[in-house]
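S.K.: predicted model and sequence below, questions to follow.
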Amino acid sequence: MKLVMPPAVRLIIQELETNGYEGYAVGGCVRDACLGREPNDWDITTSASPEKVKEIFGHTVDTGIAHGTVTVLIDGEGFEVTTYRIDGKYEDARHPTEVTFTANLLEDLKRRDFTINAMAYNDSTGLVDAFGGQEDLRNKVIRCVGEPEHRFGEDALRMMRAVRFAAQLGFSIEERTRRAAVKLAGNLVKISAERIREELVKLLMSDHPDILLDAWDLSLTRVFLPEFDAMMERGSGETAVKALRVSGKDRIVRLTLLLRDINNGSASCAEAVAQLLRRLKFDRDTMKKTAVLSELSFEPVPDCKAGIRKLASRLGDEQFDRWVCVKEALLQAGYVPGREEAGSDDPARLSAVRELYAQIRKDGDCLSLSELALTGTDLTADGMKPGKQVGEVLHRLLEEVLQDPARNTRAYLLQRSRELRMQQP
């Protein structure tokens with residue numbers, strides 16, 4: 001088998017060989033190339049020590065020198081070159097306490113997580129596949145290198161990676177690998193929330209987000225997402241997964257579909273979602289948008305332009321489109337809306353909402369305070385004292401404009417603001 005490597009990768013490997021060392025592309029890039037996919041990046045492994053790599057190449061960066069990794073810069077682009085190594089004992093279920101460099105490629109490959117990630121390639125030798133990676137690619141199987149319990153015992157995050165790779169590639173997890181994950185699932189408590197979050201997002205954004213059910217079946221969600229286990233008990237978990245399967249690849253939409261039903265009654269939907277995302281160390285923007293969208297996903301589908309404007313005003317452009325996407329995915333998943341969600345099971349009504357909203361934006365209807373023809377400065381210039389009253393009046397004016405966009409003129413709003421001031425004590 002001949003794989004096509006980028007010229008810079010071929011150059012690095014050739015330079016290593018010219019200087020008497022071995023060099024191979026290794027890991028995920030080889031896997032993806034074998035599958036006919038375009039690798040996101042290319043990693044290189046070598047028998048040369050980090051010091052020798054730095055001698056051979058003029059421009060390098062010490063990105064992980066303690067673990068044998070040097071980044072080689074070719075025309076401004078970085079390529080990680082890592083010395084063959086043997087990992088020492090893992091004491092935190094994540095990182096080896098020490099690494100030992102070796103000149104043996106197979107020693108390096110057998111420490112890797114899965115057979116499909118334990119292949120190496122260069123043009124001189126061809127594909128090095130000592131653990132059946134090619135066969136597992138053909139059979140669409142995720143299988144640990146060596147003893148699964150040992151692999152997962154070294155690094156508990158590998159259990160999440162097994163599920164994530166299954167989701168990204170559409171593969172199944174081999175039975176011995178599954179049994180080991182079930183046995184060692186509890187070790188995930190030792191993994192940082194940030195790493196769990198990264199794997200969860202990659203899973204959700206894959207072509208097969210429904211593989212989340214594998215994480216549940218392997219008892220992994222019991223550790224990092226117990227709220228989902230509760231959803232499965234209530235019968236809403238499978239509906240959420242079905243909705244994930246038919247939704248577009250928008251991170252906020254997919255997080256909303258997954259989390260909107262996690263509320264156990266002790267907090268509002270938005271608060272419950274925000275708390276969970278905070279626990280998993282999501283950024284504030286994602287947390288806020290997902291929490292708000294989750295809360296408003298229970299709103300009924302508007303049946304008129306005024307209703308659409310009011311909802312869009314609460315959500316904003318980008319979020320309103322997501323709101324419709326969430327409703328559409330839930331509808332396709334067979335979600336049965338409650339009485340307070342009237343119209344959410346009507347595809348024609350959802351389609352009409354999209355068309356009406358497009359017309360609203362085309363007409364330039366006011367949807368926010370920033371689009372009002374009157375500002376707080378205008379109100380204070382007209383004699384209103386700065387303070388809370390200014391905001392209250394502006395919000396009242398916005399409500400009226402959302403009902404009737406023709407009212408969004410400075411003359412009307414100024415006159416109406418005076419009337420509202422007269423009504424206040």
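M.R.: That came through fine.

S.K.: following element in sequence after whichever helix or strand residue 320 is part of, please.
M.R.: In the assignment (DSSP states H and E), residue 320 maps to helix 317-332. Once the chain leaves helix 317-332, the next helix or strand it forms, by DSSP H and E, is helix 347-363.

S.K.: show me where the protein has strands.
M.R.: Counting by DSSP state E, the chain has strands at residues 23-26, 43-46, 60-64, 69-74, 77-83, 85-87, 99-101, 120-122, 126-128, 141-142, 172-173.

S.K.: related to what we said a few turns ago, what's the helix holding residue 320 packed up against?
M.R.: helix 237-246, helix 251-259, helix 284-296, helix 305-315, helix 347-363 (3 or more Cβ pairs under 8 Å, 6 or more residues apart in numbering; DSSP states H and E). For glycine as for every other residue, the C-beta is placed from the backbone atoms N, C-alpha and C.

S.K.: quick one: it to helix 284-296, angle?
M.R.: 50 degrees (axes from the mean of the first three to the mean of the last three Cα atoms, to 10 degrees).

S.K.: okay, the angle between helix 317-332 and helix 237-246?
M.R.: Going by the same axes, to 10 degrees, helix 317-332 makes 120 degrees with helix 237-246.

S.K.: what mean pLDDT does helix 317-332 have?
M.R.: In this model, helix 317-332 has a mean pLDDT of 94.

S.K.: any idea how far residue 401 is from residue 379?
M.R.: Taking Cβ to Cβ, to the nearest Å as the measure, residue 379 falls 15 Å from residue 401.

S.K.: one more: residue 253?
M.R.: Distance, residue 253 to residue 401, by Cβ to Cβ: 29 Å.

S.K.: please apply the same query to residue 143.
M.R.: Distance, residue 143 to residue 401, using Cβ to Cβ: 61 Å.

S.K.: what does residue 263 give?
M.R.: Distance from residue 263 to residue 401, by Cβ to Cβ: 33 Å.

S.K.: and if you look at residue 86?
M.R.: Residue 86 is 69 Å from residue 401, by Cβ to Cβ.

S.K.: neighbour count: the two, which is higher?
M.R.: For residue 86 versus residue 401, the count of surrounding residues by other Cβ atoms under 10 Å is larger for residue 401: 27 against 15.

S.K.: the more buried one contacts residue 366, doesn't it?
M.R.: Yes - applying Cβ atoms under 8 Å, one finds residue 401 in contact with residue 366, separated by 4.9 Å.

S.K.: now list whatever residues contact both of those two.
M.R.: Residues touching both residue 401 and residue 366 (Cβ atoms under 8 Å, 6 or more residues apart in numbering) are 372, 408.

S.K.: please parse the protein into its domains.
M.R.: Split into domains by automatic domain parsing, the chain comes to 1-130, 140-224, 250-365, 366-425.

S.K.: looking at the ones you listed, which is buried most?
M.R.: Stretch with highest mean neighbour count among those: domain 140-224 (a mean of 20; mean count of other Cβ atoms under 10 Å).
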